[in-house]
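In: below are the sequence and a predicted model; questions follow.
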Amino acid sequence: MVTRTRNIVIVGGGTAGWLTAGIIAARHRSRIPHDFTVTLVESPNVPIIGVGEGTWPTLRSTLKKIGVSETDLFRECDASFKQGALFAKWATGAEDDAYYHPLMLPQGFAQLNLVPHWLKGDRGKSFCDAVCAQGKICDDGLAPKAITTPEYEGAANYAYHLDAGKFAPFLQRHCCEKLGVRHILADVRNVTLAETGDIRSIVTEQAGEIDGDLFVDCTGFRSLLLGETLGVPFKECGDVLFCDTALAVQVPYESEASPIPSQTISTAQSAGWIWDIGLPTRRGTGHVFSSRHISDDEAERELRAYLGAAGRDLPVRKIKIRSGHRETFWKRNCVAVGLAAGFMEPLESSAIVLIELSAKMIAEQMPACREVMDVIAARFNATTQYRWGRIIDFLKLHYALTKRTDSQFWRDNVLPETIPERLRELLLLWKYQSPWFHDEFDRIDEVFPAASYQYVLYGMGFRTEVEPQAIAGEARLAERVMRENAVQTDRLRTGLPRHRDLIRKIVDHGL
Ligand code: FAD
């Protein structure tokens, strides 16, 4: 007998649970509730992690698709615009050592690779400024769009910074009121298995037994279904990415008119880095560090020194991080999304985007019945494995290129045995050709495109050998494209509103 997939049970009500619920329910809306149900079970006693304030531009299309209003997001989640990340003191540690990883692609990116032309030129400008306007827009404290620009569209590419504690309840309201998701507040105490080894039901303290055809494990670091119940092992990657602890602190602004940066500021420290995210009502900051290289007390001292008077006496929350991911992500009729699947330090906001991509794949490839579930699971596992691999490579790239030698942490980070083999190969290749579409960055829904590697490599001072003859044919086109970028930069710098002013307008009048 064919067992149709009709009842989806998501366990966990953090960002992963609610985004997954929204993405699946929106995709299958016409079948809900007569032919298909999405139920989210969430503990009333285990709090969500409540951090995770930096996102990726994919969130715009995700929210639009599930029917969320962008204005409501700004009003209810204390959101601001994110236009990229500024990495300070990563390359040399000097006071003026900083570069942008913006969210805009280099000018003319689909047409030609500007890297060799920029390298060959006089380099009066950073790579970012030579090929894209966004670094200057961020320096000027400007927003990526005007109040007249429609929802989810922008003059410059953007994502959001948002209050993670408000985002999950915001999604919850939308999912339950607009998308027909059932919400059950209950603690899962037991999981029952069928003879086949599939999960048959979850047994809760407050709401009894709940059956399902497909279970989505969004229980956070605990990984209650996939890890604890089905025994899928965790694959550590602490030998590549050393940071294993975070100290988080929320900091008030000096005044209600203080500028709000639209870039995540990541400042390297002696054994990790500090994130600094500007929301409209406060800053979210934290120190992510390697406890093998520095004690909690020293890490807190570095964080307080960074914050200065603004951080005096503010409480610090400690969060242990386990860097790595499950060996497989979908086993039998259970798939893990979010922290239950894995986590890497939040250097490039890769967690929420991976939640979106995973949920999208589950929703789009929803197995019609149990008989085909293993085929879909194998695909999902291969794609997700690939994505985690690329995220590890990309995060390690930020460390592997450092010239800092001022602490054991930075010296250890460049040891060849700590650099994944694929990244070592690419670094060798990139000495002679710059990252481009051939480097396998052409998969659909690639988390980080070749442009991201270019921004980090050349921001960190990496050099690729350029054969002038090899690029001579494109020289005039490259010149024109860089000129166009300069014109566009001037136009945007004079036309865009200040970041805080635009957010105030959105909250008061809507987009
Ligand atoms: P959680 O928020 O932990 O939710 C787990 C859910 O499971 C809760 O609802 C809980 O009640 C439920 N649950 C647990 N046990 C049971 C049970 N027995 N019965 C019923 N329910 C149960 N990501 C980014 O993309 N950008 C960032 O900038 C970023 N920064 C981060 C900074 C830090 C320091 C950390 C640690 C993470 C950061 N992340 C970031 C990751 C991001 O916070 C998470 O990926 C995201 O919040 C999703 O979490 P989650 O929903 O998987 O888990």
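Out: Good, I have the coordinates.
In: give me the phi and psi for the nearest residue to residue 496 once chain neighbours are set aside.
Out: Spatial nearest neighbour of residue 496, chain neighbours left out: residue 142 (4.1 Å); criterion: CB to CB, 6 or more residues apart in numbering. (Glycine included, C-beta is placed from N, CA and C.) Note on residue 142: backbone dihedrals following degrees, to the nearest 10 are phi -100, psi 160.
In: which residues touch residue 142?
Out: 262, 492, 493, 496, 497, 498, 499 (CB atoms under 8 Å, 6 or more residues apart in numbering).
In: one more time with 7 Å
Out: 493, 496, 497, 498, 499 (CB atoms under 7 Å, 6 or more residues apart in numbering).
In: so which of these sit within helices?
Out: Secondary structure from DSSP state H places 493, 499 of the contacts of residue 142 in helices.
In: select only the buried ones of the contacts of residue 142 in ChimeraX?
Out: Applying 16 or more other CB atoms under 10 Å to these, the buried members can be selected in ChimeraX as follows:
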select :496,499
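In: out of the contacts of residue 142, which comes closest to residue 205?
Out: residue 499 (45.7 Å; CB to CB).
In: what kind of secondary structure is the nearest residue to residue 172 once chain neighbours are set aside in?
Out: Computed as CB to CB, 6+ apart, the closest residue to residue 172 that is not its neighbour in sequence is residue 18, at 5.4 Å. Taking DSSP: H, G, I helix; E, B strand; the rest coil as the rule, one finds residue 18 in the helix state.
In: residue 18 contacts residue 169, doesn't it?
Out: No: with contact defined as CB atoms under 7 Å, residue 18 and residue 169 do not form a contacting pair (8.4 Å).
In: okay, those two: which has more neighbours?
Out: Each of residue 18 and residue 169 has its neighbours counted (other CB atoms under 10 Å); residue 18 has more, 30 against 14.
In: residues contacting that one?
Out: With CB under 7 Å, 6+ apart, residue 18 has these contacts: 168, 171, 172, 175.
In: give me the distance between it and residue 6.
Out: 21 Å (CB to CB, to the nearest Å).
In: which pLDDT does the model give the closest residue to the ligand within the stretch 401-511 of the chain?
Out: As assessed by CB to the nearest ligand atom, the ligand sits closest to residue 447 within the stretch 401-511 of the chain, at 10.9 Å. Per-residue pLDDT puts residue 447 at 85.
In: helices and strands around the helix or strand of the chain with the lowest mean pLDDT, which ones?
Out: One helix or strand of the chain scores below all others by mean pLDDT, DSSP states H and E: helix 468-471, with a mean of 86. Of the remaining helices and strands, those touching helix 468-471 by 3 or more CB pairs under 7 Å, 6 or more residues apart in numbering; DSSP states H and E are helix 115-120.
In: after the helix it packs on, which helix or strand is next? Please name it.
Out: helix 127-131 (DSSP states H and E).
In: now the helix or strand just after that following helix, how far from the centre of its chain.
Out: Later in the chain than helix 127-131, the nearest helix or strand by DSSP H and E is helix 134-139. Computed by CA atoms, centre = their mean, to the nearest Å, the chain-centroid distance of helix 134-139 equals 20 Å.
In: now the element after helix 134-139, going C-ward?
Out: strand 159-161.
In: what residues sit buried inside stretch 20-34?
Out: Quick answer for stretch 20-34 (16+ other CB under 10 Å): 20, 21, 22, 23, 24, 25, 26, 27, 28, 32.
In: stretch 185-199 now?
Out: 186, 187, 188, 191, 198, 199.
In: extract the C-alpha trace of that stretch and format it as PDB.
Out: Only the C-alpha atoms of stretch 185-199 are listed here, as PDB (Å, rounded to 0.1, in the frame of the first residue of the first chain):
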ATOM      1  CA  LEU A 185       2.800  24.100  22.700                       C
ATOM      2  CA  ALA A 186       4.000  20.900  24.200                       C
ATOM      3  CA  ASP A 187       7.200  19.200  25.400                       C
ATOM      4  CA  VAL A 188       8.300  16.100  23.500                       C
ATOM      5  CA  ARG A 189       9.100  13.500  26.000                       C
ATOM      6  CA  ASN A 190       9.400  10.400  23.900                       C
ATOM      7  CA  VAL A 191       9.600   9.400  20.200                       C
ATOM      8  CA  THR A 192       8.000   6.100  19.000                       C
ATOM      9  CA  LEU A 193       9.400   4.100  16.100                       C
ATOM     10  CA  ALA A 194       7.700   1.800  13.700                       C
ATOM     11  CA  GLU A 195       9.100  -1.600  13.100                       C
ATOM     12  CA  THR A 196      10.800  -0.300   9.900                       C
ATOM     13  CA  GLY A 197      12.700   2.200  12.000                       C
ATOM     14  CA  ASP A 198      10.700   5.200  10.800                       C
ATOM     15  CA  ILE A 199       9.400   7.700  13.400                       C
END
